[in-house]
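K.L.:
model this:
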Amino acid sequence: MSKAFEMFSSSIGRKFVMSLTGLFLITYLVIHLAINLLSLVDAHLFNEASHFMGTNWFIQAMQYVLALGFIFHIVQGIALARSNAKARPQKYALDKPSTNSSFSSRSMIITGLLVLLFLVLHLRDYFWELKFDDMNGHATDFDLVVALFANPLYTGLYVFSFIMLGIHLNHGFQSAFQSVGVNHPKYTPGIKKFGVIYCVIVSAGFSLIALVHYFNSL
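P.N.:
Alright, predicted model coming up:
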(Lines give C-alpha, C1' and ligand atoms only; values in the text may rest on other atoms or scores of the structure.)
Protein backbone atom coordinates (compact mmCIF):
# COMPACT_ATOMS: atom_id res chain seq x y z
CA MET A 1 0.00 0.00 0.00
CA SER A 2 2.82 2.41 0.94
CA LYS A 3 4.65 1.78 -2.33
CA ALA A 4 1.48 2.46 -4.32
CA PHE A 5 0.91 5.68 -2.35
CA GLU A 6 4.50 6.77 -2.94
CA MET A 7 4.20 6.11 -6.66
CA PHE A 8 0.98 8.11 -7.13
CA SER A 9 2.15 10.91 -4.85
CA SER A 10 5.38 11.34 -6.80
CA SER A 11 5.73 13.73 -9.75
CA ILE A 12 5.78 10.84 -12.23
CA GLY A 13 2.76 9.22 -10.59
CA ARG A 14 0.79 12.46 -10.68
CA LYS A 15 1.61 12.95 -14.34
CA PHE A 16 0.47 9.39 -15.07
CA VAL A 17 -2.87 9.88 -13.25
CA MET A 18 -3.38 13.23 -14.98
CA SER A 19 -2.69 11.60 -18.34
CA LEU A 20 -5.20 8.78 -17.80
CA THR A 21 -7.94 11.13 -16.62
CA GLY A 22 -7.05 13.56 -19.40
CA LEU A 23 -7.37 10.88 -22.08
CA PHE A 24 -10.72 9.87 -20.59
CA LEU A 25 -11.96 13.46 -20.77
CA ILE A 26 -10.62 13.82 -24.32
CA THR A 27 -12.71 10.82 -25.38
CA TYR A 28 -15.79 12.22 -23.67
CA LEU A 29 -15.44 15.54 -25.50
CA VAL A 30 -15.66 13.78 -28.87
CA ILE A 31 -18.90 12.05 -27.87
CA HIS A 32 -20.30 15.27 -26.39
CA LEU A 33 -19.46 17.23 -29.54
CA ALA A 34 -21.06 14.61 -31.81
CA ILE A 35 -24.32 14.77 -29.85
CA ASN A 36 -24.34 18.57 -29.70
CA LEU A 37 -23.80 18.79 -33.46
CA LEU A 38 -27.13 17.00 -33.88
CA SER A 39 -28.80 20.19 -32.63
CA LEU A 40 -27.72 21.81 -35.92
CA VAL A 41 -29.16 18.97 -37.97
CA ASP A 42 -32.52 18.08 -36.46
CA ALA A 43 -34.22 19.10 -33.21
CA HIS A 44 -36.03 15.78 -32.82
CA LEU A 45 -32.84 13.79 -33.38
CA PHE A 46 -31.02 15.90 -30.81
CA ASN A 47 -33.83 15.42 -28.28
CA GLU A 48 -33.77 11.65 -28.85
CA ALA A 49 -30.01 11.50 -28.33
CA SER A 50 -30.23 13.72 -25.26
CA HIS A 51 -33.02 11.57 -23.82
CA PHE A 52 -30.96 8.41 -24.41
CA MET A 53 -27.95 9.97 -22.68
CA GLY A 54 -30.15 10.98 -19.76
CA THR A 55 -31.85 7.61 -19.25
CA ASN A 56 -29.33 4.94 -20.22
CA TRP A 57 -28.09 3.27 -17.01
CA PHE A 58 -24.53 2.78 -18.27
CA ILE A 59 -24.14 6.39 -19.36
CA GLN A 60 -25.69 7.57 -16.09
CA ALA A 61 -23.14 5.52 -14.15
CA MET A 62 -20.28 6.75 -16.34
CA GLN A 63 -21.14 10.38 -15.67
CA TYR A 64 -20.07 9.88 -12.06
CA VAL A 65 -16.88 8.22 -13.24
CA LEU A 66 -16.36 11.24 -15.48
CA ALA A 67 -16.94 13.62 -12.57
CA LEU A 68 -14.48 11.66 -10.42
CA GLY A 69 -11.94 11.70 -13.23
CA PHE A 70 -12.33 15.44 -13.64
CA ILE A 71 -11.84 16.03 -9.91
CA PHE A 72 -8.72 13.84 -9.95
CA HIS A 73 -7.45 15.76 -12.96
CA ILE A 74 -7.87 19.11 -11.21
CA VAL A 75 -6.36 17.98 -7.90
CA GLN A 76 -3.37 16.32 -9.53
CA GLY A 77 -2.87 19.31 -11.83
CA ILE A 78 -2.71 21.73 -8.89
CA ALA A 79 -0.43 19.40 -6.92
CA LEU A 80 1.88 18.98 -9.90
CA ALA A 81 2.02 22.73 -10.52
CA ARG A 82 2.94 23.39 -6.89
CA SER A 83 5.58 20.66 -7.01
CA ASN A 84 7.09 22.14 -10.19
CA ALA A 85 7.08 25.63 -8.67
CA LYS A 86 8.99 24.40 -5.61
CA ALA A 87 11.49 22.52 -7.75
CA ARG A 88 12.08 25.63 -9.88
CA PRO A 89 12.02 28.63 -7.52
CA GLN A 90 13.58 31.03 -10.05
CA LYS A 91 11.30 33.09 -12.24
CA TYR A 92 10.52 31.71 -15.66
CA ALA A 93 11.60 35.02 -17.19
CA LEU A 94 15.22 34.26 -16.40
CA ASP A 95 15.03 31.17 -18.57
CA LYS A 96 13.27 32.84 -21.54
CA PRO A 97 10.08 30.73 -21.37
CA SER A 98 8.97 31.79 -24.85
CA THR A 99 11.91 29.87 -26.30
CA ASN A 100 11.92 26.96 -23.85
CA SER A 101 8.22 26.09 -23.82
CA SER A 102 5.01 26.73 -25.70
CA PHE A 103 2.35 29.21 -24.61
CA SER A 104 -0.16 26.40 -24.05
CA SER A 105 2.20 24.54 -21.69
CA ARG A 106 2.95 27.69 -19.67
CA SER A 107 -0.73 28.60 -19.33
CA MET A 108 -2.08 25.16 -18.36
CA ILE A 109 -3.15 26.21 -14.86
CA ILE A 110 -4.74 29.47 -16.03
CA THR A 111 -6.67 27.91 -18.92
CA GLY A 112 -7.62 24.96 -16.72
CA LEU A 113 -9.09 27.22 -14.04
CA LEU A 114 -10.98 29.28 -16.63
CA VAL A 115 -12.48 26.11 -18.09
CA LEU A 116 -13.39 24.96 -14.58
CA LEU A 117 -15.25 28.21 -13.87
CA PHE A 118 -17.19 27.83 -17.10
CA LEU A 119 -17.94 24.20 -16.31
CA VAL A 120 -19.65 25.27 -13.07
CA LEU A 121 -21.83 27.66 -15.08
CA HIS A 122 -22.46 25.01 -17.73
CA LEU A 123 -23.54 22.41 -15.16
CA ARG A 124 -25.88 24.89 -13.54
CA ASP A 125 -27.55 25.81 -16.84
CA TYR A 126 -27.72 22.33 -18.38
CA PHE A 127 -27.16 19.47 -15.95
CA TRP A 128 -29.10 21.01 -13.07
CA GLU A 129 -31.96 22.14 -15.29
CA LEU A 130 -32.25 18.78 -17.05
CA LYS A 131 -31.90 16.69 -13.90
CA PHE A 132 -33.52 18.58 -11.07
CA ASP A 133 -35.44 21.55 -12.42
CA ASP A 134 -38.20 22.20 -14.94
CA MET A 135 -35.81 23.50 -17.63
CA ASN A 136 -37.16 27.01 -16.98
CA GLY A 137 -40.43 26.03 -18.59
CA HIS A 138 -38.90 24.83 -21.86
CA ALA A 139 -40.63 21.83 -23.40
CA THR A 140 -37.56 20.00 -24.74
CA ASP A 141 -33.80 19.85 -24.36
CA PHE A 142 -33.46 21.54 -27.75
CA ASP A 143 -35.63 24.46 -26.62
CA LEU A 144 -33.36 24.92 -23.58
CA VAL A 145 -30.27 24.97 -25.79
CA VAL A 146 -31.80 27.51 -28.17
CA ALA A 147 -32.89 29.76 -25.30
CA LEU A 148 -29.44 29.76 -23.68
CA PHE A 149 -27.59 30.55 -26.89
CA ALA A 150 -30.01 33.40 -27.65
CA ASN A 151 -28.17 35.24 -24.87
CA PRO A 152 -25.13 37.02 -26.42
CA LEU A 153 -23.25 37.13 -23.09
CA TYR A 154 -23.66 33.40 -22.53
CA THR A 155 -22.68 32.64 -26.13
CA GLY A 156 -19.58 34.83 -25.82
CA LEU A 157 -18.51 33.12 -22.61
CA TYR A 158 -19.16 29.73 -24.21
CA VAL A 159 -16.97 30.46 -27.24
CA PHE A 160 -14.22 32.04 -25.10
CA SER A 161 -14.21 29.01 -22.78
CA PHE A 162 -13.79 26.56 -25.64
CA ILE A 163 -10.95 28.62 -27.07
CA MET A 164 -9.30 28.34 -23.65
CA LEU A 165 -10.04 24.61 -23.65
CA GLY A 166 -8.42 24.29 -27.08
CA ILE A 167 -5.26 25.99 -25.78
CA HIS A 168 -5.31 23.74 -22.71
CA LEU A 169 -5.73 20.60 -24.81
CA ASN A 170 -3.01 21.61 -27.25
CA HIS A 171 -0.38 20.79 -24.64
CA GLY A 172 -2.42 18.30 -22.63
CA PHE A 173 -3.09 16.01 -25.58
CA GLN A 174 0.53 15.30 -26.48
CA SER A 175 1.78 15.30 -22.86
CA ALA A 176 -0.92 12.74 -21.94
CA PHE A 177 0.42 10.25 -24.48
CA GLN A 178 3.99 10.99 -23.47
CA SER A 179 3.27 10.38 -19.78
CA VAL A 180 1.68 6.98 -20.42
CA GLY A 181 4.76 5.88 -22.35
CA VAL A 182 3.80 6.63 -25.96
CA ASN A 183 6.92 8.62 -26.75
CA HIS A 184 8.94 7.61 -29.78
CA PRO A 185 10.66 9.63 -32.56
CA LYS A 186 8.58 7.71 -35.08
CA TYR A 187 5.17 8.34 -33.48
CA THR A 188 5.51 11.55 -31.44
CA PRO A 189 5.43 14.00 -34.43
CA GLY A 190 2.24 12.33 -35.68
CA ILE A 191 0.65 12.49 -32.23
CA LYS A 192 1.48 16.19 -31.99
CA LYS A 193 -0.07 16.91 -35.39
CA PHE A 194 -3.16 14.86 -34.57
CA GLY A 195 -3.38 16.66 -31.22
CA VAL A 196 -3.44 20.06 -32.94
CA ILE A 197 -6.14 18.86 -35.34
CA TYR A 198 -8.16 17.45 -32.44
CA CYS A 199 -7.93 20.71 -30.46
CA VAL A 200 -9.01 22.81 -33.44
CA ILE A 201 -11.97 20.51 -34.21
CA VAL A 202 -13.18 20.45 -30.59
CA SER A 203 -12.74 24.17 -30.01
CA ALA A 204 -14.18 25.22 -33.37
CA GLY A 205 -16.95 22.61 -33.27
CA PHE A 206 -18.43 23.66 -29.95
CA SER A 207 -17.98 27.34 -30.82
CA LEU A 208 -19.74 26.84 -34.18
CA ILE A 209 -22.74 25.26 -32.44
CA ALA A 210 -23.09 28.22 -30.09
CA LEU A 211 -22.68 30.83 -32.85
CA VAL A 212 -25.12 29.17 -35.25
CA HIS A 213 -27.83 29.00 -32.58
CA TYR A 214 -27.15 32.59 -31.57
CA PHE A 215 -27.40 33.98 -35.12
CA ASN A 216 -30.50 31.87 -35.75
CA SER A 217 -32.10 33.55 -32.77
CA LEU A 218 -31.63 37.06 -34.20
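
K.L.:
what about this structure, any weak spots by pLDDT?
P.N.:
Low-confidence segments of the chain (pLDDT under 70): 1-19, 21, 63, 69, 73, 76-107, 126-138, 175-185, 187.

K.L.:
what are the ranges of the helices in it?
P.N.:
2-9, 11-37, 43-55, 57-87, 97-100, 103-106, 108-122, 128-132, 141-149, 152-179, 188-217 (DSSP state H).

K.L.:
can I get the ones you listed in TSV including mean neighbour count?
P.N.:
Placement of C-beta: from N, CA and C, glycine included. Below are those laid out as TSV (neighbours: other CB atoms under 10 Å):
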stretch	mean neighbour count
helix 2-9	10
helix 11-37	17
helix 43-55	15
helix 57-87	14
helix 97-100	10
helix 103-106	16
helix 108-122	16
helix 128-132	12
helix 141-149	19
helix 152-179	20
helix 188-217	16
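
K.L.:
His122 versus Ile71, what's the distance?
P.N.:
16 Å (CB to CB, to the nearest Å).

K.L.:
please name the nearest non-neighbouring residue to His51.
P.N.:
Counting by CB to CB, 6 or more residues apart in numbering, His51 lies nearest to Asp141, which is 7.4 Å off, once chain neighbours are set aside.

K.L.:
surely that neighbour and Phe46 touch.
P.N.:
Yes: the pair Asp141 / Phe46 is scored as a contact, 6.9 Å apart, by CB atoms under 8 Å.

K.L.:
what sits against Leu38?
P.N.:
45-46, 49 (CB atoms under 8 Å, 6 or more residues apart in numbering).

K.L.:
got a markdown table for those residues, with distance to His171 too?
P.N.:
Listed next are the contacts of Leu38 as a markdown table, based on distance: CB to CB, whole Å:
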| residue | distance to His171 |
| --- | --- |
| Leu45 | 35 |
| Phe46 | 32 |
| Ala49 | 31 |
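
K.L.:
so which of those residues comes closest to Met62?
P.N.:
Nearest to Met62 among the contacts of Leu38 is Ala49, at 15.5 Å by CB to CB.

K.L.:
quick one, what contacts that closest one?
P.N.:
Ala49 makes contact with 35, 38, according to CB under 8 Å, 6+ apart.

K.L.:
brilliant, that's me finished.
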